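Peer 1: The sequence isn't on hand, but the structure is:
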């Protein structure tokens, strides 16, 4: 299996926009169309396509955001695997790849994400990789999770 993380360009934007998640997951995450529009308006966001054997199967978006006057946080802001590719271990595979990608890119000690507390499948996945709730809520009321990268080992 050949997988890679690609930047989104004019050449692959259409296939990224075609990615769909299951109906029962729609309320947990914005559509790729909404995400790309948000990234156009706020350049701190970087959208990525997740590919298996040259086929777009997922999407992620990350950013570096100020936390307080003294620090910034690396956020894995969006993450999805298209419905027809779920249940194949690709969610775990690409989460591991994204953690490594962000750790190398930012040389960071923590990676943050947020999740609705009723999204049990996502929470279970994130916990498997060492993400823990830190007691904070984001501006949409999602619970914030953090991964201490220095303690991260490849799962």
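Peer 2: Yes, it's here. Note that the structure is a prediction, hence the values are computed from the model and not measured.
Peer 1: could you point out the longest helix in this structure?
Peer 2: The single longest helix within the chain, with elements called by DSSP state H, is helix 90-106.
Peer 1: Give the next helix or strand downstream of that helix.
Peer 2: strand 110-115 (DSSP states H and E).
Peer 1: what about that following strand, distance to the chain center?
Peer 2: 9 Å (Cα atoms, centre = their mean, to the nearest Å).
Peer 1: Who are the packing partners of that strand?
Peer 2: strand 72-81, helix 90-106, helix 120-128, strand 143-148 (3 or more Cβ pairs under 8 Å, 6 or more residues apart in numbering; DSSP states H and E). (Glycine included, C-beta is placed from N, CA and C.)
Peer 1: Hmm, residue 123 is touching residue 115, no?
Peer 2: Yes. Residue 123 lies in contact with residue 115 (Cβ atoms under 8 Å); the separation is 5.8 Å.
Peer 1: Could you check which of the two has the larger neighbour count?
Peer 2: residue 115 (21 against 17; other Cβ atoms under 10 Å).
Peer 1: surely the more buried one meets residue 145?
Peer 2: Yes. With contacts counted by Cβ under 8 Å, residue 115 reaches residue 145, the gap being 6.2 Å.
Peer 1: So for the two, which residues contact both of them?
Peer 2: Both residue 115 and residue 145 are contacted by 123, 126, under the criterion Cβ atoms under 8 Å, 6 or more residues apart in numbering.
Peer 1: tell me which helix or strand of the protein sits lowest on mean pLDDT?
Peer 2: helix 32-41 (a mean of 88; mean pLDDT, DSSP states H and E).
Peer 1: top strand in the chain by residue count?
Peer 2: strand 55-66 (DSSP state E).
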